[in-house]
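1. with the input below, show me the fold.
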Amino acid sequence: MNSKPIIVAPSVLACDFNYLGAECERMEKAGADWLHLDVMDGHFVDNISFGPPIVQSVAKVATVPLDTHLMVERPDHFFPRFIPYSSNITIHVEPDYDVGNTLKSIRAARTTCGLAISPPTLFEKVEQFLDQIDLLLVMTVNPGFGGQEFMEETMFKVKRAAALRARLGLDFHIAVDGGIHSDTAAIARASGANVLVAGTGVFRAPDAALAIKELRDL
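-> Residues are numbered from 1 along each chain as shown. You can find the predicted model right below:
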């Protein structure tokens with residue numbers, strides 16, 4: 001069900017921000033494929049994380065692609081501020097804005113685009129956009145805070161996405177984000193996910209390189 005390469009993307013939200021640059025370099029040395037950056041506005045999710053200056057700071061030290069995840073109420077308004085520093089920008093399907101036009105605009109800026117879906121949201125909300133995206137991000141926790149427990153019931157969305165991708169001849173990545181460690185990553189990978197966003201499971205592991213290797217080599 002999963003023919004795409006496994007990509008491990010440590011979530012910078014879980015780092016020690018006293019040593020932001022060093023933490024990102026540590027993840028790269030440990031084998032990270034991407035770095036995942038969660039931008040939260042306190043409106044779409046009940047938390048505030050960071051904005052363009054932090055993403056810019058990470059871009060100055062990172063050599064791997066930056067995967068910017070906009071958990072904001074107006075991704076159509078804010079995404080241009082992250083374009084200069086991001087390899088991929090993922091927006092959520094739930095807010096009230098023109099999703100299709102925003103996806104086109106992100107791609108027009110020569111950045112790949114992703115679409116995220118939260119646990120309570122019906123999968124049908126993203127189906128019409130599957131041919132317009134480079135990545136589908138299935139949230140396996142409720143977005144907003146790190147350290148939550150993996151919700152296995154979200155795996156039907158991963159399986160559905162993988163089935164539709166094969167049936168329609170599409171080529172987008174399928175990512176999972178939330179509560180990802182070796183046990184839950186195995187479930188996600190078996191369901192069809194190939195991008196594993198891991199926060200505390202990697203940044204706070206005794207051996208980050210071993211944690212990333214375990215995710216990739218399951």
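
2. what does the worst-scoring helix or strand of the chain on mean pLDDT contact?
-> Every helix and strand of the chain was ranked by mean pLDDT, DSSP states H and E. The lowest is helix 200-203, at a mean of 94. With Cβ atoms under 8 Å, 6 or more residues apart in numbering as the test, helix 200-203 has contacts from 8, 10-11, 14-16, 23, 27, 30, 32, 146-147, 179-182, 208, 211-212, 215. (C-beta placed from N, C-alpha, C; glycine too.)

3. in helices only, show me these.
-> Among those, the subset assigned to helices under DSSP state H consists of 23, 27, 30, 182, 208, 211, 212, 215.

4. show me the contacts for residue 33.
-> Contacts of residue 33 by Cβ under 8 Å, 6+ apart are 7, 8, 9, 64, 65.

5. could you measure the last one against residue 167, distance?
-> Same thing as residue 65. 28 Å (Cβ to Cβ, to the nearest Å).

6. got a list of what the nearest residue to residue 140 once chain neighbours are set aside touches?
-> Nearest residue to residue 140 in three dimensions, chain neighbours excluded: residue 178, at 4.0 Å (Cβ to Cβ, 6 or more residues apart in numbering). Counting by Cβ under 8 Å, 6+ apart, residue 178 makes contact with 139, 140, 141, 142, 143, 148, 150, 151, 197.

7. surely residue 38 meets residue 44?
-> No: counting by Cβ atoms under 8 Å, residue 38 sits too far from residue 44 to count as a contact (11.5 Å).

8. overlap of the contact sets of the two?
-> With Cβ under 8 Å, 6+ apart as the test, residue 38 and residue 44 both reach residue 71.

9. which one of those two is surrounded by more residues?
-> residue 38 (25 against 20; other Cβ atoms under 10 Å).

10. can you pull out the strands in this protein?
-> Secondary structure of the chain (DSSP state E): strands at 7-10, 35-40, 66-71, 88-92, 112-117, 135-139, 173-177, 195-198.

11. so which elements touch the fourth one?
-> Packed against strand 88-92 by the contact rule (3 or more Cβ pairs under 8 Å, 6 or more residues apart in numbering; DSSP states H and E) you find strand 66-71, helix 75-78, helix 99-108, strand 112-117, strand 135-139.

12. next, format those as TSV and append mean pLDDT.
-> Shown next, in TSV, are these (pLDDT from 0 to 100):
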stretch	mean pLDDT
strand 66-71	98
helix 75-78	98
helix 99-108	98
strand 112-117	98
strand 135-139	98
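
13. how far is the top helix by length along the chain from where the chain is centred?
-> Ranked by number of residues, the top helix in the chain under DSSP H is helix 155-168. Distance of helix 155-168 from the chain centroid (Cα atoms, centre = their mean, to the nearest Å) equals 17 Å.

14. give me the helices and strands touching it, please.
-> Helix 155-168 packs on strand 135-139, strand 173-177, helix 182-191, going by 3+ Cβ pairs under 8 Å, 6+ apart.

15. any idea how far residue 108 is from residue 15?
-> Taking Cβ to Cβ as the measure, residue 15 falls 32 Å from residue 108.

16. of these two, which one has the most company?
-> Taking other Cβ under 10 Å, residue 15 and residue 108 do not tie; residue 15 has more neighbours (22 against 9).
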